[in-house]
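Peer 1: when you get a sec, could you give me coordinates for this:
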Amino acid sequence: MIESLRTVADFEALAETADLECKLAEGRDGKGAIPKDFWPSYSAMANADGGWILLGVREQQGRFTPAGVANAEVLRRDLFNALNNREKVSINLLTEADVRICKVDDKQVLAVHIPRASRRQRPVFINGQPLGNTWRRLHDGDRRCDDETVKRMLAEQVEDERDARILPHFSLADLDIDSVRVYRQMLRDEKPAHPWLELADADFLRQLGAWRRDRETNVEGLTLAGLLMFGNWPSIQEALPHYFVDYQEQPEARAERRWVDRLVPDGTWSGNLFEFYRRVYRKLVTDLKVPFALQDGQRKEDTPIHEALREALVNTLVHADYSGRVSVLVVKRPDMFGFRNPGGLRLPLEQVLTGGESDCRNRLMHQMFLMIGLGERAGSGMPKIVSGWKSQHWRQPLLREKSEPEQTLLELHMLDLLPAPVLAELNERFAERFGELGELERVVLATAVIERVVNHARLAEICQHHPRDLSAVLARLEREGFLASQGQSKGKVYYLTGQAPLSPEQVFIDMDSSVHSATSLVHNGPSLVHSASSLVHSPPGDGVEGASLESSPPGRDPNGRLCVPELDAPLIDRLDLLVEAERTALHELARLPRVKRRLAPDEMAEAILALCRDCYLTVGVLGEITDRNPKALRMRHLDQLVKDGRLQRAFPANPTHEKQAYRATGKRA
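Peer 2: Here you go, the predicted structure:
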């Protein structure tokens, strides 16, 4: 910017902003002097994001003209003399390169660059006293900081970790023992052989840093980290009166106060950060509008988006200044995820985005999350979030600060659903035709690639378009040869032309008795007729449907399970063909539903997931082994488990088929 100020017209185009201030600097005798109001601006910019102060510029009715200073070199020397006087300003942030002399016609203007002060340099204050003499830049003006803000800056300056403070008069009785128990279990899952798992709770918490002894004073007790992470809501409030955590799920893609789900400390749960993380993360990833990925033929649940959301949530909690008046807020909307924490960034924004350097406000809590596999070290958290969002070709995450009240905001917008490998595959397959499609059409085709099939209901989950528009797009893509379809009405599914998903008929048509095969042919005639029709209309060499129908029937492994090349695991369609050991093992897994007619939904879900852990089971086999009606089992339990992502179908194009089979994905509730 400064390099471009060469003419009077360049100055006339200026306007005072958050990072630019212009001052006349004539002095009493007109020979030039550092104006008194330079110093509040110096303090304000240093305590914010830095900026430029131009000395020797006149403002008249919002227009700026270079008035010049009589002797720029003398003014420059006087400036550095004052900067090194601690009675004038608390610290000199400037180097020789930060003060430039700009020449415009026959006039000289002194351009002073004010860098952003680091955490350990703030507050930058004037007149030898921080209270009442600390300023911060807000919009285009300098605002005096109140005493509370200055005290927070002073605390940030001397405390590398805000959460290591020992709390007097607090004890282990202020902790929620269930939170500690669950944390220990998560540590056991992450690091089964960790030596701390053998310790009693008191020693375990001491090792974590939740309880510590100050070597200088010999005082020991519960740390702020321990209370925040595992404490009870009333105890946390006593230590931190402004502490509040808030999750809101909002129904529309706009800022509003209405929500459909909200989680705040209300006495029904502990209110601590560990429990808040566990509850909120589950809510964030429920119905996550990202097509799942396949890796080595298996559904990959832990996508870069899941990792990014975990990192964003952990970052919000461990970087928050819990002495501030702003609450921790997490918002889920159809178009974005939002995260807010009290307190500003400890590093410059550019450094945070680049990564490689870390200055965590609550290091003990950060370490506690790291112990159970959550969070990133060495400043790699924000780059991981950016990378995760970039993997979906979504808008760059927006990270920003607000100074009144002081807070950090992260917005993760979801404006595209096109992973790079999928784009490459579609570009190769359809060439110029794909490039001519609109964004919604590309999303439809990408979903068909990733999830094998796509239907109207799935698109309604992914896209925020009107149902009528979705129907029109599906019909147009089929009409133009990008998609083919199976089924009718609500059961209709679409897939890339020439890539029909595996159907039950292809697997079972030759497996059962001739009577049953004939029945299947009659009942499923439309699907087979459609497949044959597709063969007629497909170009030579593109008839994948035909190749599948003509392939030899699958064989069985030594345990009696079907081996289908197109499936990523064996399939059990008949219990009577299994070896006795396999059949006995399945009966043992289904023991609870067999002996207990009324089961809670989560108990039945666990039994189903255990049965489907290593292979696909048809709905008929599941009904037989759990002693339940297959149709009722599908409607009451299986469909919901598929929707939750905990089960996957062998035949996604035929969700209600009597031979549909299911396999557990490994995803937790």
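Peer 1: got phi/psi on the nearest residue to C102 once chain neighbours are set aside?
Peer 2: The shortest distance from C102 to any non-neighbouring residue, by CB to CB, 6 or more residues apart in numbering, is to V109 (4.5 Å). To be clear about C-beta, it is placed using only N, CA and C from the backbone, and glycine gets the same treatment. Torsion angles at V109 (phi, psi; degrees, to the nearest 10) stand at phi -120, psi 130.
Peer 1: what is the neighbour count of the spatially closest residue to P601 that is not a sequence neighbour?
Peer 2: The shortest distance from P601 to any non-neighbouring residue, by CB to CB, 6+ apart, is to H637 (7.1 Å). Neighbour count for H637, taken as other CB atoms under 10 Å: 20.
Peer 1: ok, back up a step: for the residue nearest to C102, list the residues it contacts.
Peer 2: The contact partners of V109, taken as CB atoms under 8 Å, 6 or more residues apart in numbering, are 5, 54-57, 66, 68-69, 72, 101-103.
Peer 1: quick one: the residue nearest to P601 is in a helix?
Peer 2: Yes. Membership of H637 in a helix is supported by DSSP: H, G, I helix; E, B strand; the rest coil.
Peer 1: quick check, nearest of the contacts of V109 to R363?
Peer 2: L54 (40.7 Å; CB to CB).
Peer 1: how many neighbouring residues does E216 have?
Peer 2: By the criterion of other CB under 10 Å, E216 has 5 neighbours.
Peer 1: one more: T223?
Peer 2: Neighbours of T223 (other CB under 10 Å): 25.
Peer 1: please state the backbone phi and psi of it?
Peer 2: Torsion angles, degrees, to the nearest 10, at T223: phi -90, psi 160.
Peer 1: thought it was touching D214?
Peer 2: No. Using CB atoms under 8 Å, T223 makes no contact with D214, being 10.2 Å away.
Peer 1: between the two, what contacts are shared?
Peer 2: Joint contacts of T223 and D214 (CB under 8 Å, 6+ apart) are I166.
Peer 1: hey, which helix or strand in the chain has the poorest pLDDT?
Peer 2: Every helix and strand of the chain was ranked by mean pLDDT, DSSP states H and E. The lowest is helix 525-537, at a mean of 31.
Peer 1: separation between the residue nearest to the spatial centre of the chain and T316?
Peer 2: Of all residues in the chain, the one closest to the mean position by CA atoms, centre = their mean is L309, 2.0 Å from it. The gap separating L309 from T316 is 11 Å, by CB to CB, to the nearest Å.
Peer 1: can you give me the strands for the stretch 251-400 of the chain?
Peer 2: Secondary structure of the stretch 251-400 of the chain, counting by DSSP state E, counting those that start in this stretch: strands at 261-263, 293-295, 298-300, 328-333, 336-342, 398-403.
Peer 1: helices or strands up against the fifth one?
Peer 2: Taking 3 or more CB pairs under 8 Å, 6 or more residues apart in numbering; DSSP states H and E as contact, the helices and strands that strand 336-342 lies on are helix 304-318, strand 328-333, strand 406-413.
Peer 1: show me where pLDDT drops low in the stretch 201-350 of the chain?
Peer 2: 253-257, 289-301 (pLDDT under 70).
Peer 1: would you map the helices across it?
Peer 2: Along the stretch 201-350 of the chain, the stretches classed as helices by DSSP state H, counting those that start in this stretch are 201-208, 224-230, 233-239, 273-285, 304-318, 349-354.
Peer 1: in a markdown table: those, plus distance to G32.
Peer 2: Output for the helices of the stretch 201-350 of the chain, formatted as a markdown table (distance: least, CB to CB, whole Å):
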| stretch | distance to G32 |
| --- | --- |
| helix 201-208 | 60 |
| helix 224-230 | 51 |
| helix 233-239 | 54 |
| helix 273-285 | 55 |
| helix 304-318 | 48 |
| helix 349-354 | 34 |
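Peer 1: out of those, which is the most enclosed?
Peer 2: Stretch with highest mean neighbour count among these: helix 224-230 (a mean of 28; mean count of other CB atoms under 10 Å).
Peer 1: give me the distance between that helix and the centre of its chain.
Peer 2: Between the centre of helix 224-230 and the centre of its chain there are 24 Å (CA atoms, centre = their mean, to the nearest Å).
Peer 1: who's in contact with that helix?
Peer 2: 162-165, 167, 170, 174-176, 179-180, 183, 205, 208-211, 235-236, 239-240, 243, 270, 272-274, 322, 362, 364-365, 368.
Peer 1: show me where the stretch 101-250 of the chain has strands.
Peer 2: Using DSSP E, counting those that start in this stretch, strands in the stretch 101-250 of the chain cover 107-114, 135-138, 141-144, 211-213, 220-222, 245-249.
Peer 1: which of the contacts of V109 has the most neighbours?
Peer 2: Most neighbours among those, by other CB under 10 Å: L55, with 28 neighbours.
Peer 1: which ones are touching that one?
Peer 2: 23-25, 34-35, 38, 69, 75, 109-112.
Peer 1: hmm, A661 is touching P630, no?
Peer 2: No. Proximity of A661 to P630 does not meet the contact threshold set by CB under 8 Å, at 11.6 Å.
Peer 1: among these two, which residue is more densely surrounded?
Peer 2: Per other CB under 10 Å, whichever of A661 and P630 has more neighbours is A661, with 27 against 18.
Peer 1: count the neighbours of V453 for me.
Peer 2: Counted with other CB under 10 Å, V453 comes out at 24.
Peer 1: my read: it touches F651, true?
Peer 2: No. Using CB under 8 Å, V453 is not in contact with F651, being 9.5 Å away.
Peer 1: overlap of the contact sets of the two?
Peer 2: With contacts taken as CB under 8 Å, 6+ apart, V453 and F651 have P501 as neighbours in common.
Peer 1: circling back to that earlier point, among the contacts of V109, which lie within strands?
Peer 2: Cross-referencing the contacts of V109 against strands under DSSP state E gives 54-55, 57, 66, 101-103.
Peer 1: columns pLDDT and distance to L470 on top of those residues, output as JSON lines?
Peer 2: Listed next are the ones in strands among the contacts of V109 as JSON lines, based on pLDDT from 0 to 100; distance: CB to CB, whole Å:
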{"residue": "L54", "pLDDT": "92", "distance to L470": "55"}
{"residue": "L55", "pLDDT": "93", "distance to L470": "61"}
{"residue": "V57", "pLDDT": "89", "distance to L470": "57"}
{"residue": "P66", "pLDDT": "87", "distance to L470": "59"}
{"residue": "I101", "pLDDT": "90", "distance to L470": "63"}
{"residue": "C102", "pLDDT": "88", "distance to L470": "58"}
{"residue": "K103", "pLDDT": "87", "distance to L470": "63"}
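Peer 1: hang on, the earlier thing: can you say which of the helices of the stretch 201-350 of the chain is nearest to V330?
Peer 2: helix 273-285 (5.5 Å).
Peer 1: show me what the closest one is packed up against.
Peer 2: Helices and strands touching helix 273-285, by 3+ CB pairs under 8 Å, 6+ apart, are helix 177-190, helix 224-230, strand 245-249, strand 261-263, helix 304-318, strand 328-333, helix 363-371.
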